[in-house]
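Asks: Pasting a predicted model and its sequence here:
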Amino acid sequence: MKIAVLSDVHSNWHALEAVLESAAKDADEYICLGDVVGYGGDPVRCLEEVSGRGWPTLVGNHDRACTDHDILTWFNDDAATAIRWTVAQLTDAQLNWLRDRPESRETHGILTVHASPRDPIYEYILDPGIAQPNLEMLGDRICFHGHTHVPGYFFFYGGEVAHNYWLGAIRLEGPILVNPGSVGQPRDGIRDASYGLWDPEAGTFEFRRVPYDRRGAQKAIRDAGLPERFATRLDYGR
């Protein structure tokens, strides 16, 4: 059995469609680490696809902001604009689905969160100083997380925290924090959609990149009247 691990779709239907086509060749199951919506121009289509497939799906900070507007004070003006527009597109049932998503979940013995083990929705694990206390919390466990939009993994090596951007197949040995990157808005300088393929039986995780119709995704953002930078940044993976 192999499980596709997706995170940070961010209303980018064109990227999600490409990832689904890629993953369908190998994946038996799927999990989503949150932020189905936000930034992009196709929140309804993305949410319908993820919720309709019944995937185990966590809540991300953009998902939570759709149902708890007090959180918008933490967002920059453009991100808050995208959330307000997104909420106006969604039905009550869709908003309730977002509201009901859990903050964390155990899957085949692995912890899954959107952001970090100690702060499942909001903390960005971007450097060893933040990674270390989260790794220590894990003991010898494994955690999948998203939120930063940067694929890679943090682990202990020689008593120090190491971070590897090498995106091939890795063997999972805890403690380790594994980020599959972002489906809809990569931020590692690579424009292609990012996701991972996890094999629980073999104990391996494979990072994958998939090209997608960026022009189509950009058009959806512009047609929705969302901030232009959400469209242009897709060309740079930033």
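Replies: Structure's in. What do you need?
Asks: Who are the contact partners of Glu106?
Replies: Glu106 sits next to Thr112 when contact means CB atoms under 8 Å, 6 or more residues apart in numbering. In short, each C-beta sits where N, CA and C put it, glycine included.
Asks: is it fair to say it lies in a strand?
Replies: Yes. Under DSSP: H, G, I helix; E, B strand; the rest coil, Glu106 falls within a strand.
Asks: Looking at strand pairing, list the partners for it.
Replies: Leu111 (DSSP bridges).
Asks: Relative to Ile221, how far out is it?
Replies: 35 Å (CB to CB, to the nearest Å).
Asks: Can you give me the distance of the residue of the chain most remote from its centre to Cys143?
Replies: For the chain, the C-alpha farthest from the mean C-alpha position belongs to Gly158; by CA atoms, centre = their mean, that distance is 29.5 Å. Distance of Gly158 to Cys143, given as CB to CB: 21 Å.
Asks: go on, Ile83?
Replies: 27 Å.
Asks: so where's this structure uncertain?
Replies: Filtered on pLDDT under 70, the chain yields the residue ranges 166.
Asks: what are the ranges of the strands in it?
Replies: 3-6, 29-32, 104-107, 110-113, 142-144, 152-157, 160-164, 169-171, 176-179, 193-199, 204-210 (DSSP state E).
Asks: Any chance of JSON lines for the ones you listed, columns distance to Asp42?
Replies: Converted to JSON lines, the strands of the chain look like this (distance: least, CB to CB, whole Å):
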{"stretch": "strand 3-6", "distance to Asp42": "15"}
{"stretch": "strand 29-32", "distance to Asp42": "16"}
{"stretch": "strand 104-107", "distance to Asp42": "25"}
{"stretch": "strand 110-113", "distance to Asp42": "24"}
{"stretch": "strand 142-144", "distance to Asp42": "25"}
{"stretch": "strand 152-157", "distance to Asp42": "27"}
{"stretch": "strand 160-164", "distance to Asp42": "32"}
{"stretch": "strand 169-171", "distance to Asp42": "31"}
{"stretch": "strand 176-179", "distance to Asp42": "23"}
{"stretch": "strand 193-199", "distance to Asp42": "14"}
{"stretch": "strand 204-210", "distance to Asp42": "17"}
